[in-house]
Each structure stands twice: as structure tokens, then as C-alpha cells.
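next come a sequence and a model predicted from it.
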Amino acid sequence: MHPVLKLVAQRLALSTLLLLAASVLIFAGTTILPGDVAQNILGQSATPESLANLRKELGMDQPATTRYFNWLFGALQGDLGTALTNGRDIVESLSGRLKNTLFLAFWAAVVAVPLAIFLGLLAVRYRERWPDKLISAVTLASISVPEFLIGYVLMYYVGVKLGWAPTVSTIYDSMSLGEKLNAIALPVTVLTMVVLAHMMRMTRAAILNVMQSAYIETAELKGLTSFQVIARHAFPNAIAPVVNVVMLNLAYLVVGVVVVEVVFVYPGMGQYLVDHVAKRDVPVVQACGLIFAAVYIGLNMVADIVSILANPRLRHPK
Amino acid sequence: MSDKLLKVENLKIGARIYPPGEKPRDIDIVHGVSFELEKGKVLGLIGESGAGKSTIGLASMAYGRGGVEITGGKVWVNGREILGTSLRDLRKLRGTEVTYVSQSAAASFNPAKKIMEQVIEASLHQGKFSKKEAEARAVELFAKLGLPDPEKIGDRYPHQVSGGQLQRCMTALALCPEPDLVVFDEPTTALDVTTQIDVLMAIKEAIRDTGVAALYITHDLAVVAQVSDEIMVLRMGDMVEHGTTDQIINNPVEEYTRDLVSVRSTQHDGKPPTDNPILTVENVTARYKGTNFDVLHNVTMELHPGQTLAVVGESGSGKSTTARVITGLLPPREGKIHFDGRDLSSDLEGRTRDDLRELQMIYQMADVAMNPRQTVGTIIGRPLEFYFGMRGAEKKKRILELLEEIEMGPEFMDRYPAELSGGQKQRVCIARALAAKPKVIICDEVTSALDPLVADGILKLLENLQKIENVAYLFITHDLATVRAIADSIAVMYQGRVVRYGPKAEVLEPPFDDYTDLLLSSVPEMRLGWLEEVVGNRKMASAGN
Amino acid sequence: MMRIPPAAMIGLFFTGLYFFMAIFAPLISPYPMTEIVGDVWEPASSEHWLGTDNIGRDLLSRMIYGGRTTIFIATAATILSFSLGSILGFTAAVVGGWVDQAMSRFVDLIMSIPTLIFALVVLSVMPVTLLILILVMGLLDSTRVYRLARAVAVDINVMDFVEAAKLRGEGRRWIIFREILPNALSPLVAEMGLRFIFAVLFVSTLSFLGLGVQPPNADWGGIVKENKDGIVYGIPAALVPAVAIATLAISVNLVADWVLNRTTSLKGGRG
């Protein structure tokens, strides 16, 4: 087997294993830790009988390993159980919300990725000059600012004072794409700002690293133009680290979605998760946790695989 | 100035440096250097690190690396002044009229592109040849430079060929566009000595056959003597001496040049072995953890009290691994280490404090061998404290004695390693080893990272200390000149085996085994015509077979 | 005389100010924290410098007490994550072998789940108290400190001066505390600043989501939550604590940056 295929297969297997381990961790986190789900649901005044009944209903009378495997096999077959609070099928409630969340994350990525790469290149081009310094300062500020601050500042000034965009991002299936995009304008802006600085800075570092290689000097000493140096020699080597940066930041974006959805009351998975954590609805929390972990692990895996595919030493072994 | 290909007049080069936590400041690297070069001639630029030789070489392409900037003077190439011209004109010059061969071909080739594509790129870009012509010329150059399978090697990626081959590909890259001048920047320094000779010969023949002029930059006078018509000696950005190769090698005028020429001529009369070796390596076979092949095979050698055993070999020969086995860092699979009449435990944990004390080690890179957060006093004082329980005034007195032994003053006690020069750092490492009052010191390439004159000083110091302290050295090196200067006996290693072993006089006397012959004959000698002589002998020998 | 760059000066001033207010909150706060002293969302006035909150409590007093809570939780979590992460990270690097493998793989696993999501999962079954918050945050964040400490120590551990110490026969303690630690200090100190910021943002986020500090107590994140409904009516009370979080985080960042630069330029160079 070609070594690249072998490495990619290894990555896939490793990620599957990681996801499996993560599912154990999520399940264990919600069951082994002290804290009685039944007690939490029914409150302190519950009678012993009603507690016992609920425990049985939840399958709590069975050992934890049995419950884990039941849950896992259910999840593999697309059955994540029912929510404790309203008795509805979790998969059914989730699918629409997952779609909304991905919709939001997708548009944030569409805006943020090209912008970040462009600004990253700009920072390299004007290294140690004012555009670069400005970008550093903005980065410093942005990693220090909570997502909800950006959210509320935008909501207050752009939404309320200027009235340019809706302050609450409600969307339904019957809305047209244009209406939907208008509704999510503010959350997309917030998410973009949250990942932009980081992505920009990492892009800058990745490209600088390539630009400082000896082979770039060789290309310059061949008398090539700046454009040729970048297009022929820097770009093919920079693409892997940049894709890596993008993937890592998309993984970060998926988490940022949780807070932003709560700020803008957006009907996505993040808000759904936060609601049910407060209600201590364990099956929903487990399901959401698993999905978030899967997306996160998946994006990290893609980043790894891209690095492998782009490495000429692996693609063309001795 | 019609036939002057390159004319440099009062060239001044500066750089802006950024010391951490301080304001950036400008420093001068080259202060007013002038020279001329005719068509088809080779000028060697020689000097120690910091002499400014690479910077001058790149200035002939009006290029400053990193923050380096040409601050004054004039440079003419083919009669045109190039420092004042536009970047557009410079691009026409670079890659066609003047090309560059760097020290590390491995870093200078783009890992993502095939060799051929990179070799012909400049010719195509400048419109000098069609793709077909350029490829034909590249193949011809590959053949001329002695690369295997010249038709096909261009289809490979840089990581698919060896270091010596890639260095030759880099030379082909530089020669392909038929330049008037090639700047060779230490093209053989990163190579093993037996590979160096082939590349050197290939470069020399290519220069001769194509009639190109060259600036040949190196720190090794013996190497540059083989390829250049003239030599210019540089020191700290100033020209020291400029003359024909014959004059510089045989009649140097300046004292500094004389020192450089005579640096390798230190001789040491080998002492005969004694009956009781202090250290014996017996049939050692070893491999690294997690690997399935042996890096040492049945290695045996003896070191006698107060003497020096030189372990010589190229990279990958197993000489440093032998040191790791002796120190206990790598327990051998088979074999034993005897030390001063007792068996040493094979791993570090099993050794007594006296075992550790009596067997000290000095490293190649002195700057990473010392904790940057400790002062010289702490570094030298710690073994005193640790092995002998010395404290306070007694310890201080001993530290000062040791500083005196390594010819450094008491004022160094409170300095940090970063404030010392390369030679001083290595001296402090020697003092740290001596502080333990060892019977054996393992010296792992201790002079390889140093400039020749500084290295010479360290060797002389080691030799003096041996007389005073009667300590034995196991001296690991790839440099045969160092071996001649210091060894009593020699072990030649090749691919994990000792291929030749004995007292110095025997090892260096014919008849040789094949490898030792190759190794010894590959060491550049400081005389004209050496390269042709060796290559000629080898051709005769292989014709005879 | 030590020269302090203006950016670090500003950072030091605000960091100092916030810590001072946190420590002496009961002395400087004009009103008790939970007492209703006015109307809902009164604008700023001479009695109430920052106005009142969603049920008529003095916003400035709540901010001062909220800062105390935020800074206390963040500091405690940072101390926990830092000591645990760096000790385990150093140990893993120096001991190596299966100990290192086991700890590193476990940390990889924890880090494969986004921190916020993991915290939410755990908090869905745990009672939300200050101690639990500090433990959850500190333990989760110690994985990052572990990775950094281990990476730095592994780099230093292969240096010749550490090998020289091992060959001299020095014990593990000397190697960790005298050879490795002094050289690992500056990246770790800078990291400490970052971890503190992260803890501030994290506890604020949790409280904002309603899963951190519980009413009637509040940290800054909680005050944002209480007053967020005012935003759509054009009442900016929720922005006050949000701005406080941001200024604290930026100030600490400026200080950490300065400390990092200063320690790398010490004699002995090489950070």
C-alpha cells in the first residue's frame, strides 16, 4: 500500500478511536459523577417511589456499562433516545437545529476564511510596518474579548441604535435565503470577528515560515519576479499549513457558535444544548456533546490528512 | 575595465540586529573591501565566521540576506554598476549572469518540485533557452558532474537523492543558464570528507569546462587552494591579504594568513601503549531503542592512562554511539566496558558516583552543553560541590585555579555563557570536566564547531592539561588533521565497525585497508595540485583493477 | 532603574485597579450587593454612578462585588491548572516511557472534546457551586498547561547540559528544579497570563449561559445575563460588565507580554 494511503487510513482509524473514547468520556461524565439525575428532575420533595419509578424508566437500575453500550448502539443506528423534559425524540428535535447551526457556521466560514487569508497575506506583505502592527493589536484585543461582548455591542449599536439588522435571529424553513441571511447577519459578523484574528495571525506565521526558507532565496536569486516566487515556490508549500490553520479555526468556530446562538436567540444546537444543561436533561446533553465532539474531531482529522497529502516526502517516497 | 567581469570597490555592508528586549541597532559587517575578477578566473574568499565572506559573495548579485544592507561602495558586473540599478534590472542579472550555490542544497531546493524543473527554471524564465534545450543542457551537466543516471535524476524530488548528489544538482542549477559568474558559498562544508572530494572535483571540472568565473567562499584554506586562482583572506569584515593561490599558501605575508596556513601542521609524537589500559571497550554491539538494527558491531578498543585514543569516522560511522555506550547512556546489547580494573555497569543507574566522576565528557556544541541560566562559577563549581562537597572559600579558590588552568581570568566567574566567545565556552566545559578530577575525558567533536585558529588553541590546551593532570582522552572526531595533532592511538570506524585500530604510527602507515585509504587520501592538503593528484591516483588504481 | 513600556504600564494599572477593588470590595462599594435601592434600569446619576440594574440594585456595587467573584474564581482555577499541569508536564518529560505515554494520550483525549462542551456536559449533572466551578475549570485547563510544560521540558531535556547533569549523577529533583525549570520559566509565566485570561472569559461565559455563579450572587458574566434584555430597549447596562471583562483580559495580556519580553532579555539570553 502507498505510504500516504496507509497514513491516511491510520488517521481515520485513530479519529474513530478517539471519537469512541470521547463517547465513553461524555457518558461517564454524566453518569459516574455524583449527582442523581432522577433527583435533579423531580426536585428535593420527590417521594422515594416516584424516584424509583423514574430511575427504572431511565434504565438506571441497569449497570453503567450496559447502559453505555445500549446508548452507543442506539446512537450508531441514529437513535439518541428521548428527552426527559418533554419526552420528544432527540434526533427529531436535533436535526432541524443542527441544520441551522451548520447554516450559521457555514456562512461565518464563507466570510471569515477568505478575509483571514487575505489579511494574513497583507500582514506578511507589510511585515513590521503599520498594517502588520495593527493586525497584531487587533489580535491581542480579540482574544481578550468574550464572544457575548462583541455580540451585545453589535446588537446595541448596529441593531438597536442604527437599526440596520434584526437583533434577534429567528429563522424558519419557510424563509427565503435572502431573509435568512438578513436574519443571521449579526451572528455571522460576531463569529467572523471571533475567529478572524486568530486565523489571520496563524496564516501570517505559516506563510512567513515558508517565505523564510532557503529555497525562496534560491528563487529570488534566479531573478524571478515576486509574483513568480510566491506562486511557484511559496504557494505550493504554504497551502498545507494554511489549510491546517483554517480547519483548526473552523473547529474553534463550532464552539463559538454555542454562545452566539444564545446571544441572538438563534434556534440552533448550541442554544438547545445550553437550555437542556440548565434543565439537567442528560440524554439531550449527551447527544449534543457527542455531535459537537464528532464535528470537532472530524475537522481536526481533516487538518491532519491535508498535511499528510501535501507533504512531498510522503507523496513521493524514496 | 573591459575584461573585468566583476569589480568591487570600497564595498560597505551593514545590518540591523534585534537583540531581545533592547532597541534595534545597526552594525557594520564589511568595512570597505575592493577586488576585481577576470573572466574565467576563480577567486577564493576565505575567513572565519563573521569575516563577512558570504555577505560579500551575495553583494555581487546586489542581494542582502535578512536584514543585511549594502551601505556603500560600488559593484560592477560586465561593466555595469549594479548597486544603483532597479530591481527589474537586477532580476535580469540574477539567474543569468550571476548565479549562486549555497551551503545547504537540501534547504535550497523547493521540496515540492522536481529537480529538473528547478534546474532549468532560471534559463526558461530569462528566455535563454527553450525547454528542450535547457533540459538537454541540464542532462549534460548532470553527466559532467558525475551524477548517476543523468537522464532520469531530474525527474526525482530533492529528498529522493543523497546530500552529495543534491549539492551537485545545485551546481548544475547554477551552471545551467550559462552564467558568467557563479558564487559558491561553502558548497562542500556540509558533506563528509570522502563525499567532499568528489563534489569538489566535479565543481572544479565544471568550472574549467564551461569557462565560468567563480567566487569560491569557504573557511577551509586547504579546500580553496585546490580550486582557486587567487585567494583573498578576510577577517572581521576587512581584507587581510589578497594574492595568487601560490603566494598565499607558500609565501603568506600577513601574520594572520601565516597562522591560517600553519594551523593544521601541529604534530604530536604518539606514545606507545602501556600494559594496563584505563578503559577497555570489549566486543560491544548496540542498537537504539525501538529500532531493529545494530548501529555498533563488535566494537573493541583500549585507552591507556594519560594518552589519547582518537576515534575517527564519518557521519553514521558509530563513533558518537560508542561514546554513549561508554558513558552508560546507551546500554549495549552485548559486550563490556572495563574501567580502571573494574567492570562498569552497562546503564547509568548502576554506576557509582566515583565511576561517574572519573569518566567525564565534553561536547561538540559548547553553548548547549552549559545551562544558560547558570554563571561560569556555578557551572564549574557544581562538580566540586557534588563530588567533593566543597563549599564557600575553598570552592571559590578551586574555581579560580581551574579558570587559570584554562587560561581565563577570575573576572569570568560571574559571567553567563551567552557572554562568552565560542572558544571560551569550550574552555569552560573543559574546566567543568577537569573539576571532577577524572581519569578519562570523552571529547565528542569538541573542535568541530570552532574556527580553525580557535580550535587549534583548544587542542593545545587539551594537550597541556593532559601533561599536567595525566588524564586520558577518548577523542571523537571526523577531522584527520585533528587526529594527527593529538592522538597516540587511532580507531577508524565505518558503518558501526572498527575497520582499523592501533598506535598512530601504524594506523597512518601503509598498507591501508580500502576505507582508511579512501578516508586518509580525501583529507584536503594545503598544497597546490593535491586534488588532481588524488583523483589521478584513484583513476589509475581503478584502471589497474 | 527599570524602564516600563507604556503598554505594560496601562496593563499594570488596570490589573492592579481591578485586583484592588476585588480585595477591598466591602470597603469601597457604595451599597450592599443585593439590596434594591432604586428603580429598574435607572440611568447613571450622582447616587448611582453606573445606574441601577434590571431589578433596581446599584450597578456599581454589583460590578465591584462581581469583579471580586470573577477574579477569585479565575485566580483559583489558574493556580490549580497551573500547578497541576506544569508538575505533571515536567514529570512526563523527565520520566518519559509509559508514564509519559499514558498521561499524554489521556490529555489528547480530553482535548479532543471542546472545553466548553465538556464543561457543559459535566455541569449538567453536578451541583453548580464555586468549588465545583473552580475544579472543573482548573482541571480542564490544566491539559493545556500540561502540553506546554511537557513540550518545553522535552526540548530542554534533550539539551547537552541536562545530559551532562545526568552523567554527573544528579538526581531528578536537581534536574527538574535547577536545570529545566529556570529555562522553562519565561514561556510558562507568559502562559500563566493567558490561562488567567482564559479562566476569566470561561467563567464569564458559563455564568452568562446561566451555568456559572448562581443568583442572587453574580460575577461579571452573570451581570451581563441579568441585564441583557435591556439591550433591545436601548439600555446598555449589560455592556458595562462586558467591557470590564475585556479590559481586565487585555490588561493582563499586556503585562504577560512585557514579562515575557523582559525575562528573555535577561542575561543568559535564550528564552
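Right, received. Where do you want to start?

so what's C:L123 closest to, chain neighbours aside?
What sits nearest to C:L123 in space, not counting adjacent residues and going by C-beta to C-beta, 6 or more residues apart in numbering or on different chains, is C:L211, at 5.1 Å. (Each C-beta comes from the backbone N, C-alpha and C, glycine too.)

helix/strand/coil for the one you found?
coil (DSSP: H, G, I helix; E, B strand; the rest coil).

that one: neighbouring residues, count only.
Residues lying near C:L211 (other C-beta atoms under 10 Å in any protein chain shown) number 19.

B:E411 now?
9.

same deal with the one 5 residues further on?
Using other C-beta under 10 Å, B:Y416 is surrounded by 20 other residues.

any idea how far it lies from A:I216?
Distance from B:Y416 to A:I216, counting by C-beta to C-beta, to the nearest Å: 35 Å.

now swap in C:L59 and tell me
With distances taken as C-beta to C-beta, C:L59 is found 56 Å from A:I216.

between the two, who's got more neighbours?
Taking neighbours as other C-beta under 10 Å, C:L59 and A:I216 compare with C:L59 leading, 27 against 19.

roughly how far does B:S542 sit from B:I203?
21 Å.

give me the more crowded residue out of the two.
The residue with more neighbours, out of B:S542 and B:I203, is B:I203; 26 against 8, by other C-beta under 10 Å.

skipping adjacent residues, who's closest to that one in space?
B:T171 (5.7 Å).

B:G47 too?
Nearest non-adjacent residue to B:G47, counting by C-beta to C-beta, 6+ apart: B:L234, 3.7 Å away.

which residues does that neighbour bridge with?
B:L234 has these beta-bridge partners by DSSP bridges: B:M239.

what is the host helix or strand of B:I458 packed up against?
Using DSSP states H and E, B:I458 sits in helix B:452-469. Here helix B:452-469 touches helix B:255-262, helix B:422-435, strand B:472-477, helix B:480-486, going by 3 or more C-beta pairs under 8 Å, 6 or more residues apart in numbering or on different chains; DSSP states H and E.

how far away is A:Y157 from B:I197?
For A:Y157, the distance to B:I197 equals 74 Å [C-beta to C-beta].

between these two, which one's more packed in?
More neighbours surround B:I197 than the other of A:Y157 and B:I197, with 24 against 13 (other C-beta under 10 Å).

excluding covalently adjacent residues, which one is nearest to that one?
B:I197's closest residue in space is B:S522 (C-beta to C-beta, 6+ apart), at 4.6 Å.

hmm, that neighbour is touching B:L191, no?
No: the criterion here is C-beta atoms under 8 Å, and B:S522 misses it with B:L191 at 10.5 Å.

for the chain, what helix or strand is lowest in average pLDDT?
Picked chain A for this. Using mean pLDDT, DSSP states H and E, the weakest-scoring helix or strand in chain A turns out to be helix A:37-42, at a mean of 65.

about what we covered before: hang on, isn't the residue nearest to C:L123 packed against C:V128?
Yes: using C-beta under 8 Å, C:L211 is in contact with C:V128, at 6.4 Å.

enumerate every residue touching residue 199.
Picking chain A for this. Residues in contact with A:M199, defined by C-beta atoms under 8 Å, 6 or more residues apart in numbering or on different chains, are A:A112, A:V113, A:A116, A:I117, A:G120, A:V245, A:V246, A:N249.

meant chain C, my bad for not saying
Contact partners of C:A199, counting by C-beta under 8 Å, 6+ apart, are C:I73, C:A74, C:T75, C:A77, C:T78, C:S81, C:M137, C:D141.

element containing it, please.
Following DSSP H and E, one finds C:A199 within helix C:181-208.

just for the chain, where's the confidence low?
Since no chain was named, I'll use chain A. The model of chain A has pLDDT under 70 over residues A:1, A:32-45, A:57-61.

you looked at the wrong chain, it should be chain B
Across chain B, the ranges flagged by pLDDT under 70 are B:1-3, B:18-23, B:264-266, B:544-545.

try it again at 50.
B:1 (pLDDT under 50).

residue numbers of it in contact with chain A?
With C-beta under 8 Å from any C-beta of the partner chain as the criterion, chain B meets chain A at residues B:61, B:63, B:65, B:90-96, B:99-100, B:102, B:104, B:107-113, B:118, B:121-122, B:125-126, B:156-157, B:159-160, B:173.

now the buried members of those residues.
Neighbour-count burial (16 or more other C-beta atoms under 10 Å in any protein chain shown) is assigned, among those, to B:61, B:63, B:90-91, B:93-96, B:99-100, B:102, B:104, B:108-113, B:118, B:121-122, B:125-126, B:156-157, B:159-160, B:173.

what about these, which are in helices?
B:L90, B:R91, B:L93, B:S108, B:Q118, B:E121, B:A122, B:H125, B:L173 (DSSP state H).

of those, which pair is most distant in space?
Spanning the widest gap among those are B:L90 and B:Q118, at 20.4 Å by C-beta to C-beta.

hang on, B:V311 in a strand?
Yes: assessed with three-state DSSP, B:V311 lies in a strand.

so what's it up against?
Shown in contact with B:V311 (C-beta under 8 Å, 6+ apart): B:M301, B:K319, B:T322, B:A323, B:L474, B:F475, B:I476, B:T477, B:I490, B:A491, B:M493.

just to revisit the earlier point, nearest to chain A among the contacts of C:A199?
The closest of these to chain A turns out to be C:A74 (C-beta to the nearest C-beta; 12.6 Å).

got the angle for the helix or strand encompassing that closest one vs helix C:181-208?
In this structure, C:A74 is located in helix C:59-95 according to DSSP H and E. If you take axes from the mean of the first three to the mean of the last three C-alpha atoms, to 10 degrees, helix C:59-95 sits at 140 degrees to helix C:181-208.

list the buried residues of whatever helix or strand comes next after helix C:59-95.
Of the helices and strands lying after helix C:59-95 in sequence (DSSP H and E), the nearest is helix C:97-111. Counting neighbours by 16+ other C-beta under 10 Å, one finds that the buried residues in helix C:97-111 are C:D100, C:M103, C:S104, C:V107, C:L109, C:I110, C:M111.
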